[in-house]
Each structure stands twice: as C-alpha cells, then as structure tokens.
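Asks: this one's structure only:
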C-alpha cells in the first residue's frame, strides 16, 4: 500500500503544477499575463496550499490511519481541477465586468483556490497514513514531499513544453484530473455514485465547448498563450483578418488589400522611405508578418524573429507572409546576443498581448545592438501610448535608457489619445531631424534606466498594462452587448 500511496502522491504533485500553470493560462485571454495576474495566481496558490496543509493536519488528528478521508479529499481535488475550464468559459467572463484588480483576484480565487486547497490537504494525510512510528515521521514526510515535488517538476516541463501547446488547456486539465480521479478509485478500491455522476458531468460540460465548431480560422494554445485567427467585418463591411494572443489583437489585415489597418503600421509606412538600393532590415517580433511585408516592399531584405513557431506558421498560412522574408524562431535577446549581421533598419515590436518583455531593451542589449547597426541606421521601437504620470513611467525609463545608451530619440505618434494609440521610438546613433508626427509632450524626467541587473519595465509598465487591458475589455464588452 505504501508504494501505491507514493504513486498517488506523485500524481498529486503533478496535478498541483498543472492546475497552477493552466489556471494562469485560462486567465490570460481575459486579463493578460501581467505582473498583477501572476502575483494573484502565485499568492492565492500559496494561500490555498497553506490552508490545505493546515486543514489536512486537523483531519489527520481526528482520524485513524484508514485512508477513507484521503480518498474523499483526492476525489474532491480531481473534480475541482476538471471544473476549472468550465468556470473559465462560463463564469470568469462575467466577473471581468467588475473593476480590474477585483476581477483578477476573484477569478483567480474561483479557478485555483479549491483544487489547490484539497490537493494541499492531501499531503499531511499521505504522511499520517504511512507513519507507523514517531521516529519515522521525518523520513516519511521527506519521502512524500520529495515524490510529490518530483511529480510537480515533471508536470511543469511536460505541460510547458508539450501538453499545453499540443492538446490545449481543457484537455490538459481533464487529463490530469481524470488521472487523479481514476487512480484514487483503483488504489482505494472505492467510489460513490455521486462521484461518478460529477466526473461524467464535468467531462460532458468540457466537451460541449471544446468540440463545438467555431468561427475562428485557427484556435489553440501556443507558448505565448491563447492564439486565435479569425475574420471579422469592420464598419465599412470590409473583411479584416485578425491575429490575437490572449484575446488582444496583434495583427489586423484587410483581406482584400493584404495591408495592415493598424494606425501604428500606417505611421511606420509614412516614416520609412522606399530604398533606392536593397538594404537589410530586422523585425524583432514578427507577429502576422505585415510589418515585415511592408519593409520587403520598400526594398529591405528582411529577417523576422519570432519566439513562437505557431505564430510564424499563422503568418505564413493566414497573413500571406512574403516568402522572401527569412524567419527565425528565437527569443529576440538570444538572437541579438548571437547575431553579427549589420542592419540598416531594426524594428522592435515585441508586444506579448499588452506586455513588453523587459530583457530585450536593457542598456546592455542596446549597447550590443550598436554592433548590428550600419551607418545612419534606424532603430524603431513600438511602444504603448502612455506618457503622463505613473502610467507613463515605463515610457520615461525607455526614453532615458535609450539616451543613456547613446541614441538620439524622436517619439512619434498619430494620435493624441493615450489610451488608444501606440508610440514609435525612432532612434539613431546620429542626430535625427524632426518630423510632423513627433510627440509634442515630453516624457517625465527620470534617472532610472532598464538594465539586466534591474529590469524595471515589469514594474513600471504595470499600471499602463493594467489600464490598457481594462480599456480593451471595456471596449470589447460594450461592442458585444
């Protein structure tokens, strides 16, 4: 029996990590994966585990070593895990109408607290049942936690590198929940009809929306999150093809003209002149590939770097990526660290939904980038639209980091509305002349810079990212009413 209990402990540890990873991913399409979301996920996961450990300890005090109570706790845990996709589909969207932070915390609580609480409560019972003598308590508890942690490690790698991108979040949670449920029934040789009814009902509810035919051209879970491609009609009844990551639009293409309808891409088109002779360009953050296509048409031989292979496939299949664009699947910073090629234009467009990864635009990476810039080359960075107050601190830090790294900087935009615009940082190692799209408002003064040792964007863009996601949700919800 001891070996069987250790096997269950291994599965329990695996299910904890699968629930945490998938829970964060289930929240991402509505709330993103910003610092607020991950803080909520990690904080509530730890709270649920702590309370679960405490509850499990109380239960073990008041029972003999018969595994009946452990069986019921594991059954409840498995059923709550299988219920997570149902909640994310039918309940969380309604909660998103509440104030942003309240909605994030409440949604995280509903998704994660109960499955993780019961999983945590099982650990003291695993130890209690297997401890026959007091002097063996240390060895037994160490073995149980080691086996459980090993299960968590394996599940983390398995979910992150294979299961979530390949079979999706719903089937991943169904699989882990069913594994725990069935294993518990077999090992304890017990089940109740109510348990089986709930087990079958949760599978049925999940399959109702996973097997439904939807209007998307593509829908799946990739490394960066939930990936969607679909066609929609604009107010002029034109068909617009959109690429979304975590429900945030990354690429918008007029299906008839094959051109982007995004304002910042139109601004980019205005700022970059056609080249009389072929030049080299690099796009960090390929997305749907429309900016790479634009540069290719302007006589730039373009390399496109994208972290997610699924997005490269979508760019080729759904957004007519120019076959002359050379695609590289890599992290932008990793690519720059190993790149010796000179470019006449580098476009940094590394948004993941509403977030901008801190590690790509540090002083160290910007210094390294100088080696990849030819004489009179331009470095253009796509950025969120906020520039004032606390929401604009990330913009101020980027501006200061660029200038401290030796770049001349112009900040350009085509709109005065902070909430619904992008900024383009146009940079060069030589002086840059003014242009009609240059921002009239000067960023806040700051001495802060973004470095490898102190990556600040995650913190100082948090308010901007929160506001942007909230505005996006409000707009989406008002349109859908």
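Replies: Structure's in. What do you need? Being a predicted model, the structure only gives us computed values, none of them experimental.
Asks: can you map out the helices along the stretch 101-250 of the chain?
Replies: Taking DSSP state H, counting those that start in this stretch to define them, one finds helices in the stretch 101-250 of the chain at 114-130, 137-158, 164-188, 193-210.
Asks: same check, this time on the stretch 351-481 of the chain
Replies: Using DSSP H, counting those that start in this stretch, the helices assigned to the stretch 351-481 of the chain run over residues 363-369, 393-404, 457-460, 462-480.
Asks: Same list, those helices, but as JSON lines with mean neighbour count and distance to residue 440 please.
Replies: Just so you know, the C-beta spots here come from the backbone N, C-alpha and C atoms, and that holds for glycine as well. Listed next are those as JSON lines, based on neighbours: other C-beta atoms under 10 Å; distance: least, C-beta to C-beta, whole Å:
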{"stretch": "helix 363-369", "mean neighbour count": "18", "distance to residue 440": "25"}
{"stretch": "helix 393-404", "mean neighbour count": "22", "distance to residue 440": "14"}
{"stretch": "helix 457-460", "mean neighbour count": "19", "distance to residue 440": "23"}
{"stretch": "helix 462-480", "mean neighbour count": "17", "distance to residue 440": "20"}
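Asks: picking that back up, which stretch among the helices of the stretch 101-250 of the chain comes nearest residue 236?
Replies: With distances scored as C-beta to C-beta, the stretch of the helices of the stretch 101-250 of the chain nearest to residue 236 is helix 193-210 (32.0 Å).
Asks: Look up how far residue 306 lies from residue 349.
Replies: With distances taken as C-beta to C-beta, to the nearest Å, residue 349 is found 10 Å from residue 306.
Asks: okay, these two: which has more neighbours?
Replies: The neighbour count for residue 349 versus residue 306, taken as other C-beta atoms under 10 Å, is higher for residue 306 (27 against 24).
Asks: Can you verify my assumption that the more buried one contacts residue 285?
Replies: Yes. With contacts defined as C-beta atoms under 8 Å, residue 306 counts as touching residue 285 at a distance of 6.8 Å.
Asks: Now mean pLDDT too, for the helices of the stretch 351-481 of the chain, in JSON lines please.
Replies: Written out in JSON lines, the entries for the helices of the stretch 351-481 of the chain read as follows (pLDDT from 0 to 100):
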{"stretch": "helix 363-369", "mean pLDDT": "94"}
{"stretch": "helix 393-404", "mean pLDDT": "95"}
{"stretch": "helix 457-460", "mean pLDDT": "84"}
{"stretch": "helix 462-480", "mean pLDDT": "68"}
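Asks: Can you give me the domain boundaries for the chain?
Replies: 2-210, 269-480 (automatic domain parsing).
Asks: what distance separates the longest one from the middle of the whole chain?
Replies: Put plainly, it is domain 269-480. The offset between the C-alpha centroid of domain 269-480 and the centroid of the whole chain comes to 19 Å, using C-alpha atoms, centre = their mean, to the nearest Å.
Asks: And stretch 44-60, by the same measure?
Replies: Mean-position distance between stretch 44-60 and its chain equals 28 Å (C-alpha atoms, centre = their mean).
Asks: same check, this time on stretch 31-41
Replies: Centre to centre, stretch against its chain (C-alpha atoms, centre = their mean), the figure for stretch 31-41 is 9 Å.
Asks: relative to helix 137-158, how tilted is the helix ranked longest in the chain?
Replies: Longest helix of the chain, by residue count under DSSP state H: helix 2-31. Relative orientation of helix 2-31 with respect to helix 137-158: 40 degrees, computed using axes from the mean of the first three to the mean of the last three C-alpha atoms, to 10 degrees.
Asks: Ranking helices and strands of the chain by mean pLDDT, which lands last?
Replies: Ranked by mean pLDDT, DSSP states H and E, the helix or strand of the chain with the weakest confidence is helix 462-480, at a mean of 68.
Asks: most tightly surrounded among the helices of the stretch 101-250 of the chain?
Replies: Stretch with highest mean neighbour count among the helices of the stretch 101-250 of the chain: helix 114-130 (a mean of 25; mean count of other C-beta atoms under 10 Å).
Asks: returning to that earlier point: for the longest helix of the chain, buried residues please.
Replies: Of the residues in helix 2-31, those buried under the neighbour-count criterion (16 or more other C-beta atoms under 10 Å) are 5-6, 8-31.
Asks: what do you get for stretch 369-386?
Replies: Buried residues in stretch 369-386, counting neighbours by 16+ other C-beta under 10 Å, are found at 369, 372-373, 377-386.
Asks: just stretch 335-350 next, same as before
Replies: Residues of stretch 335-350 classed as buried by neighbour count (16+ other C-beta under 10 Å): 335-336, 339, 343-350.
Asks: try stretch 94-102
Replies: Residues of stretch 94-102 classed as buried: 95-96, 100 (neighbour count, 16+ other C-beta under 10 Å).
Asks: now do stretch 27-46
Replies: Those would be 27-34, 36-38, 40-41, 44-45, for stretch 27-46 by 16+ other C-beta under 10 Å.
Asks: which one of these is nearest residue 362?
Replies: Within the buried residues of stretch 27-46, proximity to residue 362 (C-beta to C-beta) peaks at residue 34, which comes in at 19.3 Å.
Asks: who's in contact with the closest one?
Replies: When contacts are counted by C-beta atoms under 8 Å, 6 or more residues apart in numbering, residue 34 touches 354-355, 462, 465-466, 469.
Asks: The same query, at a cut-off of 6 Å, please.
Replies: By C-beta atoms under 6 Å, 6 or more residues apart in numbering, the contact set of residue 34 is 355, 465.
Asks: Against residue 105, how distant is it?
Replies: From residue 34 to residue 105 the distance is 13 Å (C-beta to C-beta).
Asks: Then residue 96?
Replies: Here the criterion is C-beta to C-beta. By it, residue 96 lies 12 Å from residue 105.
Asks: Likewise for residue 179?
Replies: Computed with C-beta to C-beta, the distance linking residue 179 and residue 105 is 29 Å.
Asks: Repeat that for residue 130.
Replies: Computed with C-beta to C-beta, the distance linking residue 130 and residue 105 is 37 Å.
Asks: Okay, angle between the next helix or strand after the longest helix of the chain and helix 114-130 too, please.
Replies: Following the chain from helix 2-31 toward its C-terminal end, the next helix or strand by DSSP states H and E is helix 35-61. Regarding helix 35-61 and helix 114-130, their directions subtend 30 degrees when assessed with the same axes, to 10 degrees.
Asks: What is helix 35-61 packed up against?
Replies: The contact analysis (3 or more C-beta pairs under 6 Å, 6 or more residues apart in numbering; DSSP states H and E) places helix 35-61 against helix 2-31, helix 100-108, helix 114-130.
Asks: among those, which is nearest residue 397?
Replies: helix 100-108 (22.7 Å).
Asks: Pull the residues that contact that closest one.
Replies: Counting by C-beta under 6 Å, 6+ apart, the neighbours of helix 100-108 from elsewhere in the structure are 31, 36-37, 40-41, 44, 92, 95-96, 466, 470.
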